[in-house]
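A.B. asks: just a sequence and a predicted model for now, questions to come.
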Amino acid sequence: MTYKGLYISDVILASLDSRSLALEPRERFVVTQQDIHRMAGIKLEHDSMLRGDQYNHVDLFDPLYAEVTSSFFDNIQLAVMSYWIPEFDPEYSAFGTYVQNKCELSCPFLDVSERGSLSPNVALTVAMQYALADDLVEQALLMSFEQSTVPVAENSYHALPKFSSSGIVKLTAEPQGNHIKLLASRVISEFEVSRENFKLAHYLEELLEQLGVPQGQVILSFKRNTSIFKTYNYHLETDCLTSYAMDFVDPTASCMTVIRWLHQKQHTPIWLSEFAILIDEDEESLSAHCLVIQNLAQSGEHK
């Protein structure tokens with residue numbers, strides 16, 4: 001059976017070496033952070049800007065750029081950039097312009113932020129909806145960035161990234177020999193998740209029926225420490241709901257979970273099931289995201 005969707009041609013991941021420089025950021029960045037925190041009625045913890053590895057987005061993008069040939073950025077009709085936390089001590093006033101110039105991109109360039117650790121997931125949803133709605137989009141890019149130096153308020157104890165990393169996902173309208181097909185990318189809002197009658201098993205059952213995906217050929221991936229997994233597991237036992245094969249991903253606080261998961265799938269020719277679903281959850285709210293992909297190497301679809 002042929003399922004409508006996009007194809008994932010490349011997933012490039014860069015993890016930068018940890019370092020501890022503890023350098024004072026530029027005054028313009030410090031003043032901006034102090035003003036932002038003061039306007040929110042909280043006090044900036046100055047030392048939070050000295051912890052972590054102090055990479056900025058240019059530091060995170062350049063290793064990705066070095067991994068590909070110049071033709072990688074040819075014929076791109078859409079680029080979407082995402083990040084959980086605004087850039088640390090930025091080199092340029094507009095990082096997107098730096099990327100556009102370096103990659104010679106002339107396509108629409110969207111920026112997805114302020115969606116917590118699900119920002120790349122939301123960006124993937126935006127890219128997919130945009131591409132499926134516009135027949136002129138043959139290739140699209142999703143770029144995500146995560147840094148471990150995060151200015152925070154005193155005694156805030158946020159869940160924060162431990163490592164700096166970045167990634168690019170290239171989406172195509174045609175298979176081009178790829179073995180991953182993107183079938184659905186859905187945001188499950190905090191309002192929906194918190195409804196009294198919401199059950200993830202029912203949500204998945206309805207979604208898979210819409211996609212025409214057999215429930216017996218699906219494996220679910222979760223972070224064990226998320227509320228949505230614990231609630232799902234609880235309802236399986238109490239309500240005798242449909243269960244799926246499961247595996248688990250690194251529970252570390254990160255916005256790069258979806259990129260790492262896709263990267264791992266890209267480098268695994270044969271999966272435990274033809275279809276895989278990642279259920280990710282925001283580190284700062286109850287919002288969640290559901291991503292459904294298909295391994296074409298295990299299907300009858302022409303590649």
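C.D. replies: Yep, it's here.

A.B. asks: may I see the buried residues of the helix or strand hosting residue 258?
C.D. replies: Using DSSP states H and E, the element containing residue 258 is helix 257-266. Counting neighbours by 16 or more other CB atoms under 10 Å, one finds that the buried residues in helix 257-266 are 257, 258, 259, 260, 261, 262, 263, 265, 266. In short, each C-beta sits where N, CA and C put it, glycine included.

A.B. asks: how much space between residue 233 and residue 248?
C.D. replies: Counting by CB to CB, to the nearest Å, the gap from residue 233 to residue 248 is 11 Å.

A.B. asks: brain fart, residue 142
C.D. replies: With distances defined as CB to CB, the gap from residue 142 to residue 248 amounts to 24 Å.

A.B. asks: in terms of neighbours, single out the busier of the two.
C.D. replies: Under the criterion of other CB atoms under 10 Å, the comparison of residue 142 against residue 248 puts residue 142 first, with 28 against 12.

A.B. asks: confirm that that one sits in a strand.
C.D. replies: Yes. Using DSSP: H, G, I helix; E, B strand; the rest coil, the secondary structure at residue 142 is a strand.

A.B. asks: around the residue lying closest to it once chain neighbours are set aside, count how many other residues there are.
C.D. replies: If the residues on either side of it in the chain are set aside, residue 142 comes closest to residue 169, at 4.3 Å by CB to CB, 6 or more residues apart in numbering. Residue 169: 27 surrounding residues under other CB under 10 Å.

A.B. asks: and residue 169, what element?
C.D. replies: When secondary structure is defined by DSSP H and E, residue 169 falls within strand 165-172.

A.B. asks: give the other helices and strands that the helix or strand that comes right after that strand contacts.
C.D. replies: Of the helices and strands lying after strand 165-172 in sequence (DSSP H and E), the nearest is strand 180-188. For strand 180-188, the elements it packs on are strand 6-15, helix 119-133, helix 200-211, helix 257-266, strand 288-295, judged by 3 or more CB pairs under 8 Å, 6 or more residues apart in numbering; DSSP states H and E.

A.B. asks: alright, that wraps it up for me.
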